[in-house]
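>>> Mind looking at a prediction? Sequence and model below.
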Amino acid sequence: MFARMLGRGRVPRKLLTQFTAQLSTVVNAGLPLVRCLRILENQQKPGPFERVVTAVADDVESGAPLSEALAKYPQCFDRLYVNMVRAGEAGGVLGTILDRLATFAQKSQAVRGKVLSALLYPAVVLLVAVAAVGVVLIFVVPQFETIFESFGADLPGATRALMATSNWLTMWWWAVLAGLVLLVVCWRVALRNESFAYRIDALQLRLPIFGTLRSKTMIATFSRTMGTLLASGVPILEALHIVGASTRNLVLEGAIDDVHDAIREGESMADPLADSGVFDDVVVNMIDVGEETGQLDVMLLKLADIYEDEVDTAVAGALKALEPALIVFMAVFVGLIVTALFLPIVNIMSVLEGA
């Protein structure tokens, strides 16, 4: 109960990566494990993670294995982390395993950061555009409407539509916000349905630009995680179970489950991967070669390096494609509003000049 309370809330990836790298450094320096943990305990800022490190150090000082102490805090240390530490303890190579964990965390964080940067840019631009349009419709357009009414101007259809939209939004803005909140809640509830969530995950992989980016990111993460686990001595079936449970895409999870079942029945890993449709021929063939040569972990880590580089290329390509598209979208949208507002002004000016 106490362990669950201490571990409540996920630890930021950056903090966990930093902790792992520091622990790897002091362990490889030859210091006793308890002293290593006490050193890192003193370096943590006050907060939940500091209390977790203190509790882990206390457990290890009492004679518990590090993996057992870490396993009490799944919100901080996931199954992959705990199983790799357990494999390092069993093989007497804890320092090497921690070094691999630190490298894995750093590379995973780098890939995640690149993908988020590709998604953040269009999201911010669209959010700013929607906010700006909302301000114009609620606060600016009514002022123009007052001016037009005072002159008794004959309004074009586009202007009347803009005025009607402004009036509706001014009156029902709270309903729009409530509708957005309701939509988010309904979406989260719908995602609890496995069939619906599976279709959404499959759709993600077919989207233009972002589908390719998502697919390459998934392959890079799968290869890095699986290769790191195998290189650390975790049995392949256990490694597949860990990777499958940690993936955030049901299509990939299903493919990994098929691989797990195939290997348990004595078949190869490459065939079910090829049948899944998630992994391309390069991945399948390299994994097939890795199985034949007994260097599956090495081949998976090479694949991770290749696809992490391809994620970089895909992110750059996505940003290059989105920038002009967003500029054109905003220019057209703003142009329509400006045109709808200034057409009546031109008409008013013409009438006044004629008078």
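That came through fine.
>>> so K14 makes contact with Q109?
Yes - if you go by C-beta atoms under 8 Å, K14 and Q109 touch, sitting 6.7 Å apart. Backbone N, C-alpha and C define where each C-beta goes, glycine included.
>>> What ranges does the stretch 51-200 of the chain have for its helices?
66-71, 79-91, 94-135, 141-151, 157-190, 194-206 (DSSP state H, counting those that start in this stretch).
>>> per-domain residue ranges of this structure.
Using automatic domain parsing, the domain ranges for the chain come out as 2-77, 99-355.
>>> Worst mean pLDDT across the helices and strands of the chain, which element?
The weakest-scoring helix or strand in the chain, judged by mean pLDDT, DSSP states H and E, is helix 2-6 (a mean of 45).
>>> Identify the residues contacting the next helix or strand after that one?
Moving toward the C-terminus from helix 2-6, the next helix or strand (DSSP states H and E) is helix 13-28. Here helix 13-28 makes contact (C-beta atoms under 8 Å, 6 or more residues apart in numbering) with 33, 35-37, 39-40, 43-44, 49, 53, 76-77, 81, 94-95, 98-99, 101-102, 105-106, 108-109, 112.
>>> Of those, which qualify as buried by neighbour count?
Buried members of those, counted by 16 or more other C-beta atoms under 10 Å: 33, 36-37, 40, 44, 49, 53, 76-77, 81, 94-95, 98-99, 101-102, 105-106, 108.
>>> Give me the three-state assignment for the nearest residue to A90 once chain neighbours are set aside.
In this structure, A90 finds its nearest non-sequential neighbour in G233, 7.1 Å apart by C-beta to C-beta, 6 or more residues apart in numbering. Three-state call for G233 (DSSP: H, G, I helix; E, B strand; the rest coil): coil.
>>> What's the local residue count around G233?
Neighbours of G233 under the rule other C-beta atoms under 10 Å: 17.
>>> Could you report the separation of it from I345?
Using C-beta to C-beta, to the nearest Å, G233 is found at 76 Å from I345.
>>> Also G227?
Counting by C-beta to C-beta - G227 and I345 are separated by 65 Å.
>>> out of those two, which sits in the busier spot?
G227 (24 against 15).
>>> is it true that that one touches Y307?
No - in this structure G227 lies outside contact range of Y307 using C-beta under 8 Å: 11.5 Å.
>>> where does the stretch 101-250 of the chain dip in pLDDT?
Under the criterion pLDDT under 70, the flagged ranges of the stretch 101-250 of the chain are 153.
>>> what packs against the longest helix along the chain?
Longest helix in the chain, counting residues (DSSP state H): helix 296-354. Packing partners of helix 296-354 (3 or more C-beta pairs under 8 Å, 6 or more residues apart in numbering; DSSP states H and E): helix 94-135, helix 141-151, helix 157-190, helix 210-231, helix 281-293.
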